[in-house]
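# Pasting a predicted model and its sequence here:
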Amino acid sequence: MSPSPDKAAPEAAAKAGIDAILEAQSAALLTGDLAAFLAPAAGYPAVEKVLKQRFTALRALRVADVKQSIAIGPSPGGAPERWNTDISMTYCVGAPGCGKLGPLTSTTFLRTPAGFRIIDIEQTSDGPRPWEVSPLVVRFGKRVVVAATKPYAKDLPTALRLAEDAAKVADRFSLGETKPHRYVVYLAGKKEWTRYQNTFDDSYIGFAVPRRVEGSDLVLRMGVSPIGQTATLLRHEMTHVASGANAALTDFDGSAWWLSEGLAELAGANGASVGSYPRRYEVRRFLNRSSYDGDLATAYPRDNSDDEEISARYGLAYYAARCIDEKYGARSCWRSSTPWSATM
């Protein structure tokens, strides 16, 4: 049933006003006009602070192809002239031309005599993104963008060199002919690690921040090992980005976990001999003491798995992926349309 004219008119007016704000803000972010970007939050200092942080960090990341739009709403916000929306931002990092859909942000607008104002803004979906909470120092390569807060800026040249080498490996695991536009890697110190997420404890050494369509951005925890020893981790995590960039992510039951992690482990090993694989001891102990029946669809770690079992299950994924690779070869297997590629 269509909304009544008296109800549709305020919503249409709100949509038109908010669309105009989003278009102006997108242009301001691209041209570097901070005053214009902050103008819709005039009179609301908490929102201005959030927007200024985003503007400064995204400019440092050379954000391009910015387009903000209403994804959900506007809907009445429970008070006169308040409107709730979810705003989608499409953007690229480092260079234009990526076509990525970015995160959603729940945002509340208020219609005032001076026009619409942003009076509340939440962190992005699956966030916060590092650019929401940290001033960033950024370095740019051909395939990779690396960023960190000022205390870790000294590590950026090494991180960029290692990540560029890792990108050459990860690119080979892209499905189809389209590679990720740019790999974006954030280095997180102890403070940043807790600010960027609240899910992973210190047993993790990194995580991915989804960007809805084409892969993810990566966050690596500093202090676990010297930056010069992170090459394997970079190859592993960046292969997750590459192998998922053009895939329909439908692995709801974990049955394709082995394939996703097996590809990443294969890339991490980067052609090393099978006998030098570091998880082989855990795999051997696991197979000797468990009742695992060899079904790869059930190879994923359980909630109660200890660290050794988790490592063993990653090892099982590696050996399965390596077996396929040795039989069919990377060119005919990973870069073709196979029956299992859509379930990664």
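Cool, the structure landed. Numbers count the residues shown, from 1 in each chain.

# Name the helix or strand for K179, please.
Using DSSP states H and E, K179 sits in no helix or strand.

# which residues of the chain fall in strands?
Using DSSP state E, the strands assigned to the chain run over residues 64-76, 82-92, 101-112, 115-124, 137-140, 144-148, 183-188, 206-210, 216-221.

# Low-confidence ranges, the stretch 51-200 of the chain, go.
Under the criterion pLDDT under 70, the flagged ranges of the stretch 51-200 of the chain are 99-100, 176-177.

# dump the residue contacts of the nearest residue to G254 once chain neighbours are set aside.
For G254, ignoring the flanking residues on the chain, the nearest one in space by CB to CB, 6 or more residues apart in numbering is Y300 at 4.2 Å. Glycine gets a C-beta too; all of them are placed from N, C-alpha and C. Counting by CB atoms under 8 Å, 6 or more residues apart in numbering, Y300 touches 254, 257-258, 313.

# now do G32
R59.

# would you turn the strands of the chain into JSON lines with distance to V283 and mean neighbour count?
Shown next, in JSON lines, are those (distance: least, CB to CB, whole Å; neighbours: other CB atoms under 10 Å):
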{"stretch": "strand 64-76", "distance to V283": "44", "mean neighbour count": "17"}
{"stretch": "strand 82-92", "distance to V283": "40", "mean neighbour count": "21"}
{"stretch": "strand 101-112", "distance to V283": "37", "mean neighbour count": "20"}
{"stretch": "strand 115-124", "distance to V283": "38", "mean neighbour count": "18"}
{"stretch": "strand 137-140", "distance to V283": "37", "mean neighbour count": "18"}
{"stretch": "strand 144-148", "distance to V283": "31", "mean neighbour count": "25"}
{"stretch": "strand 183-188", "distance to V283": "29", "mean neighbour count": "26"}
{"stretch": "strand 206-210", "distance to V283": "22", "mean neighbour count": "18"}
{"stretch": "strand 216-221", "distance to V283": "25", "mean neighbour count": "22"}
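
# For G244, find the nearest of those.
With CB to CB as the measure, strand 216-221 is the member of the strands of the chain nearest G244 (7.4 Å).

# Check what contacts the closest one and list those residues.
93, 129-130, 183-188, 193, 196-197, 202, 204-211, 230, 233-234, 237-238, 240-241, 244.

# thinking again about what came up before, take the strands of the chain and lay them out in JSON lines including distance to A272.
Listed next are the strands of the chain as JSON lines, based on distance: least, CB to CB, whole Å:
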{"stretch": "strand 64-76", "distance to A272": "37"}
{"stretch": "strand 82-92", "distance to A272": "34"}
{"stretch": "strand 101-112", "distance to A272": "36"}
{"stretch": "strand 115-124", "distance to A272": "38"}
{"stretch": "strand 137-140", "distance to A272": "28"}
{"stretch": "strand 144-148", "distance to A272": "22"}
{"stretch": "strand 183-188", "distance to A272": "22"}
{"stretch": "strand 206-210", "distance to A272": "21"}
{"stretch": "strand 216-221", "distance to A272": "21"}
